[in-house]
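**Student:** predicted model follows, preceded by the sequence.
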Amino acid sequence: MTKKILVLPGDGIGPEIIAEARKVLDKVNAQFDLGLEFEQGLMGGCSIDACGVPLSDETLARAAAADAILLGAVGGPKWDKLDRAIRPEKGLLKMRSSLQLFANLRPAIMYPQLADASSLKPEIVSGLDILIVRELTGGIYFGEPRGIRTLENGEREGFNTYKYSESEIERIGRNAFEMAMKRNKRLCSVDKANVLEATVLWREVMDRLAPEYPEVSLSHMYVDNAAMQLVKAPKQFDVMVTGNMFGDILSDAAAMLTGSIGMLPSASLDKNRRGMYEPCHGSAPDIAGLGVANPLATILSVSMMLRYSLNKPAAADAIELAVSKVLDQGLRTGDIMSAGMKQVGTVEMGDAVVAAL
Ligand code: IPM
Ligand code: MG
């Protein structure tokens, strides 16, 4: 049976890294007889330029009909001054929310070959393997009412609403417990239950789910402490589950523990595990078009796509092994470069992964 993949290269380095990910996909598609078919679409700044909005109804409909979506990155200075309602980021948020991609998986894995690239001491990060499960379609990112209003005294006030319903907490919680079951069976739920009621309920629901997963040991941590523990003793974590905004922040910190955000993939899944896959990093406008961006996060996102949405674990394993081999060969893009290694560009890195496959 054929599977349809919608590819959205986006802006900045997006098209360059997607081109390499496509080479890898074409290779495994043939090697493992996956029957994948590809379509291309516009999202982000390129879509604003072409049709005035960051995500058109047409692209959204094609995304809804696809078996998986592969995204490069969106945004850039060219579109930063536009009205907030049509910025590139809005396209991303609309995609997440319209397709109900509520479960955002962000692994932070330290490749032993890159131990020197981290800003933390090797003994603190070597062997690191954390999975952050971030709620992606609720919380303060989407809570209403929101806006900027003028008060009676003429002063302006910005306001947002932080809320989570029990069912929203429950579905992300179940997802996280299930992920923990497949890993080291430790789940840390991150909240701010000492201050925020929305997260008092969050904690209560996590505790209520725990007896259904007796093999998983559940712990709770306040978000400020979690930020500290991530840089102090990150290996204490296996799976972390948290809300949209805390997850946004903690996943950037976790990413950097591994040396480069250029290595980290992500998946955003709906309740049927259909999803959108993208690197954790942004569109890096400063290096766009230079051919130096690291394509490995996007290539590893392809591997997550094969694993989670397309149920092709052998092809996913093959890609991860190929990436590891290329690192063993000493090939490095600028972001992960260290002494004695061979610096390569985006295309050479993509070609090397294809060759290793
Ligand atoms: C991310 C990004 C997005 C977010 C932005 C671009 C809207 O930072 O995916 O982490 O805040 O979710
Ligand atoms: Mg972010």
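**Tutor:** Now that the structure is in, tell me what you want to look at. Ligands and ions are numbered 1, 2, ... in the order given.
**Student:** and Ile249, which of the three is it?
**Tutor:** Using DSSP: H, G, I helix; E, B strand; the rest coil, the secondary structure recorded for Ile249 is helix.
**Student:** and if you look at Ile130?
**Tutor:** Note that with three-state DSSP, the state of Ile130 is strand.
**Student:** any idea which residue of the stretch 51-200 of the chain lies closest to ligand 1?
**Tutor:** Glu89 (4.1 Å; C-beta to the nearest ligand atom). Quick note: C-beta positions are derived from backbone N, CA and C, even for glycine.
**Student:** residues in contact with that residue?
**Tutor:** For Glu89, the contacting residues are 54, 74-75, by C-beta atoms under 8 Å, 6 or more residues apart in numbering.
**Student:** among those residues, which ones are buried?
**Tutor:** By neighbour count, with 16 or more other C-beta atoms under 10 Å, those hold 54, 74-75 as buried.
**Student:** and which of those is nearest to Pro214?
**Tutor:** Ranked by distance to Pro214 (C-beta to C-beta), those are led by Val74 at 41.8 Å.
**Student:** returning to that earlier point: does the residue of the stretch 51-200 of the chain closest to ligand 1 count as helix, strand or coil?
**Tutor:** Looking at Glu89 with three-state DSSP, the answer is helix.
**Student:** quick one: it from Ser56, how far?
**Tutor:** For Glu89, the distance to Ser56 under the criterion C-beta to C-beta, to the nearest Å works out to 16 Å.
**Student:** tell me where the longest helix sits in this protein.
**Tutor:** For the chain, the helix that runs over the most residues, judged by DSSP state H, is helix 14-31.
**Student:** just checking, what packs against whichever helix or strand comes after that one?
**Tutor:** Next in sequence after helix 14-31, counting helices and strands by DSSP states H and E, comes strand 36-40. Secondary-structure packing of strand 36-40 (3 or more C-beta pairs under 8 Å, 6 or more residues apart in numbering; DSSP states H and E): strand 3-10, helix 14-31.
**Student:** any chance of those in JSON lines, with mean neighbour count and distance to ligand 1 too?
**Tutor:** JSON lines is the format used below for the helices and strands packed on strand 36-40 (neighbours: other C-beta atoms under 10 Å; distance: least, C-beta to the nearest ligand atom, whole Å):
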{"stretch": "strand 3-10", "mean neighbour count": "23", "distance to ligand 1": "11"}
{"stretch": "helix 14-31", "mean neighbour count": "21", "distance to ligand 1": "13"}
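**Student:** need the ones you listed in JSON lines (columns: mean pLDDT and distance to Asp83).
**Tutor:** Rendered in JSON lines, the data for the helices and strands packed on strand 36-40 read as follows (pLDDT from 0 to 100; distance: least, C-beta to C-beta, whole Å):
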{"stretch": "strand 3-10", "mean pLDDT": "98", "distance to Asp83": "20"}
{"stretch": "helix 14-31", "mean pLDDT": "98", "distance to Asp83": "22"}
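**Student:** as TSV, the ones you listed with distance to Pro112 would be great.
**Tutor:** Written out in TSV, the entries for the helices and strands packed on strand 36-40 read as follows (distance: least, C-beta to C-beta, whole Å):
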stretch	distance to Pro112
strand 3-10	31
helix 14-31	22
